[in-house]
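Participant: heads up, no residue letters with this:
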């Protein structure tokens, strides 16, 4: 599926630095985008984080190899099931 601007809460912002106002657990999927797209991912257990950045095509995934526990300031529209990192939480701003 292609990029969907209606799910990208930071699309219209010129300054995308923010403190998160919303969060939810991420359930990895190879076919379903996060709704809304997230601006930050918390990794609770180390592993590979395989994701599709908000404006990448479905075939253009990125792997953060051995992503350490902590916050990763990435804008993601999907986290893939090949991720081995665990206890994932997505954060976003509800303004936009």
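Facilitator: In hand now; what should we look at? Computed from a predicted model, the values in this text were never measured in an experiment.
Participant: low-confidence ranges in this protein?
Facilitator: Along the chain, segments meeting pLDDT under 70 span 9-18, 95-96.
Participant: list the buried residues in stretch 69-89.
Facilitator: In terms of neighbour count (16 or more other Cβ atoms under 10 Å), stretch 69-89 has its buried residues at 72, 74, 75, 76, 77, 78, 79, 80, 83, 85, 88, 89. Quick note: C-beta positions are derived from backbone N, CA and C, even for glycine.
Participant: of those residues, closest to residue 56?
Facilitator: The closest of the buried residues of stretch 69-89 to residue 56 turns out to be residue 77 (Cβ to Cβ; 7.9 Å).
Participant: so that closest one is in contact with residue 5, correct?
Facilitator: No: the criterion here is Cβ atoms under 8 Å, and residue 77 misses it with residue 5 at 10.8 Å.
Participant: beta-bridge partners for the spatially most central residue of the chain, please?
Facilitator: The chain has residue 76 as the residue nearest its centroid, 2.9 Å off, counting by Cα atoms, centre = their mean. Beta bridges link residue 76 to residue 38, residue 53 when assigned by DSSP bridges.
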